[in-house]
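[1] Need coordinates for the below:
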Amino acid sequence: MSEPLFEFKNIHVEVEGKKVVHGVSLKINKGEVHAIMGPNGSGKSSLSNALMGHPAYKITQGEAFLDGRNLINMSADERSRAGLFLAFQYPLAIPGVTVANFMRAALQSHRGKDADMTDFRKLFTAQMKELHVDRSFATRYLNDGFSGGEKKRIEILQMSMLKPRIALLDETDSGLDIDALKQVAEGINRYHNDENGVLMVTHYQRLLNYVKPQYVHVMYKGQFVTSGGPELALKLEDRGYEWIEKKVGQEAEV
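    Numbering: from 1, shown residues only. Below is the predicted model:
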């Protein structure tokens, strides 16, 4: 059996000395979409940031592999070039840097400083058109004055340009109205194919109506407490997280 595309084992994470993730493990094979759901403060975003290499989120134990390469000792930019991508819950604004220049720099960093970039404009224009991003955004400063939906579409635009092996989407649906949600979901589905994988962090079923996961994992107090298929997300939507709290409490008593 071939090795998984992306795998992390027994990951523990600390933030400012506080333990927030307690030994989580997951395998993602080529072509798979996984979703992580859970209440606020359960460690979902901390896990995503730690896997990407954010310096504030310290992995104190565990391993993570992408295409068989151990990511743990790589910096965030090295993980990105290895094929890992993180779409932030709250994308940062960078006044003074245009969207086009940011995308060009990101793509050149992945290809190498001596890479031929003559195709950049054609690729960038085509991806903007596919994602319904107005061409005027090319000369605007990155996320400066953008709405929530515009910021998220720019994140998906970057993903479509870089074509990562694994996309970590940290609450990409947060703050989106229904039209923006559909456009972002369309971009995710355009990116996803049989050779890459997606790990989505979300609170709500609504994103999963448009981007269909094969597997759903529930995170609670820093651990995966149950996993299942798409029907698990529907159960959470219907019953909330109270039944998860009861389930964990009952298991602790046994």
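[2] okay, CA-based contacts and neighbour counts for the rest of this
    Fine.
[3] how much space between the residue nearest to Lys152 when sequence neighbours are not counted and Val33?
    In this structure, Lys152 finds its nearest non-sequential neighbour in Thr172, 6.5 Å apart by Cα to Cα, 6 or more residues apart in numbering. Distance of Thr172 to Val33, computed by Cα to Cα, to the nearest Å: 14 Å.
[4] Compare these two and say which is more crowded by neighbours.
    For Thr172 and Val33, the more surrounded residue by other Cα atoms under 10 Å is Thr172, and the numbers stand at 27 against 22.
[5] quick one, what contacts the more buried one?
    Contact analysis of Thr172 by Cα atoms under 8 Å, 6 or more residues apart in numbering lists 87-89, 152, 200-202.
[6] Apply 10 Å and report the result again.
    87-91, 148-149, 151-153, 155-156, 181, 184-185, 200-202, 207 (Cα atoms under 10 Å, 6 or more residues apart in numbering).
[7] Regarding Lys9, which helix or strand does it belong to?
    Using DSSP states H and E, Lys9 sits in strand 6-15.
[8] Check which residues of that strand are buried.
    Neighbour counts over strand 6-15 (16 or more other Cα atoms under 10 Å) mark 6-8, 11-14 as buried.
[9] Same check on stretch 176-183?
    Within stretch 176-183, the residues that qualify as buried are 176, 180-183, counting by 16+ other Cα under 10 Å.
[10] circling back: for PyMOL, write the selection for the buried entries among the contacts of Thr172.
    Of the contacts of Thr172, the buried ones can be selected in PyMOL as follows, counting by 16+ other Cα under 10 Å:
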select buried, resi 87+88+89+148+149+151+152+153+155+156+181+184+185+200+201+202+207
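[11] which stretches of the stretch 101-250 of the chain have low pLDDT?
    249-250 (pLDDT under 70).
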